[in-house]
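In: Predicted model follows, preceded by the sequence.
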Amino acid sequence: MATEADSRIFRDGSIRARLRSLYEDDTPTGHRFRYALLAFDVFTILFIIATSFFERARWIEVLDVAFGTAILADFFARLSLRRRWWLEFARPTTWADIIAIVSFLAPVAGEAAGFLRVLRTLRLLRTYQVAERLRRDSAFFRRNEEVILAGINLAVFVFVMTGIVYETQHPSNPHIGNYADALYFTVTALTTTGFGDITLPGTLGRMISVIIMIFGVTLFLRLAQVMFRPAKVRFPCPTCGLQRHDRDAVHCKACGTVLNIPDEGADG
């Protein structure tokens, strides 16, 4: 006869198995769940931006707690799937989640710090399971994968830097009143336009401006390079491993091996 402890272990094991199926397994339910997490992340980001234009109100604090509770549940669920869960705290994305949780559950700690949540969105998108699912589901994604990922990298950088500008400047800089002001400055600094109507005073402000210009321009050039170079397809050469080839390539340019690149129109 099973003891209460045995029953608890069974229940815990069943819950862990279900969580693993949702977060890691290659199943339709798992893919839908991970897409739902991505949608939740995007909605969280839009919420943070939108509420920066409003004064603190009861309904915003209620939604803050709701978001924080959901993120906390997701955080512990992912942590429970790791055998060496303590190693997760060596990841910057883990601390980004912790900051987001604290910022939502304790608004006085600086609710806009939740912008760091976007870092986990990028990590989730670039996991093998989600990327592979997008390749299967979307011909557009397959054709433009590198451009899409390069664009996401640039967008994430712009958003994170906008959040940093807003967090560090809005308490003391009258020109940074909301996310729109912070985004405006970030874009003008990124493009080195520098209209001069908004500046970040002090050493910290100048360092933030330098970071935006150096790293932002680098990411922008990377995106431009991917967009304007000749279109290639990803297909690993079975001999030398070269990944990128012309769409109509018959032989590998590196080693001459005959390639059998699948034609997406062959089944039509």
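Out: Looks like it arrived, so ask away. Numbering: from 1, shown residues only.

In: By residue count, which helix of this protein is the longest?
Out: helix 202-228 (DSSP state H).

In: Which elements pack onto that one?
Out: Judged by 3 or more Cβ pairs under 8 Å, 6 or more residues apart in numbering; DSSP states H and E, helix 202-228 is in contact with helix 145-169, helix 179-190. Heads up, the C-betas are built off the backbone N, CA and C, glycines and all.

In: Adding distance to Glu55, write the ones you listed out as a markdown table.
Out: Compiled in a markdown table, the helices and strands packed on helix 202-228 are given as follows (distance: least, Cβ to Cβ, whole Å):
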| stretch | distance to Glu55 |
| --- | --- |
| helix 145-169 | 16 |
| helix 179-190 | 15 |
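
In: and Pro201, which of those is closest to it?
Out: Nearest to Pro201, of all these, is helix 145-169, at 8.8 Å by Cβ to Cβ.

In: quick revisit: quick one: distance of the longest helix of the chain to the chain centre.
Out: Between the centre of helix 202-228 and the centre of its chain there are 18 Å (Cα atoms, centre = their mean, to the nearest Å).

In: where does the stretch 1-150 of the chain dip in pLDDT?
Out: Within the stretch 1-150 of the chain, the ranges that satisfy pLDDT under 70 run 1-13, 107-129.

In: Hmm, I typed the wrong one, I wanted the stretch 151-268 of the chain.
Out: For the stretch 151-268 of the chain, the ranges with pLDDT under 70 are 230-231, 263-268.

In: switch the cut-off to 50
Out: Within the stretch 151-268 of the chain, the ranges that satisfy pLDDT under 50 run 265-268.

In: Mind checking what helix or strand follows the longest helix of the chain in sequence?
Out: strand 232-234 (DSSP states H and E).

In: Output the contacting helices and strands for that following strand.
Out: Counting by 3+ Cβ pairs under 8 Å, 6+ apart, strand 232-234 packs on strand 244-246.

In: Could you rerun that using 10 Å?
Out: Applying 3 or more Cβ pairs under 10 Å, 6 or more residues apart in numbering; DSSP states H and E, we find strand 232-234 packed against helix 139-143, helix 145-169, strand 244-246.

In: Show me which residues of stretch 169-185 are buried.
Out: Residues Gln169, His170, Asn173, Ile176, Tyr179, Asp181, Ala182, Leu183, Tyr184, Phe185 are the ones in stretch 169-185 that count as buried (16 or more other Cβ atoms under 10 Å).
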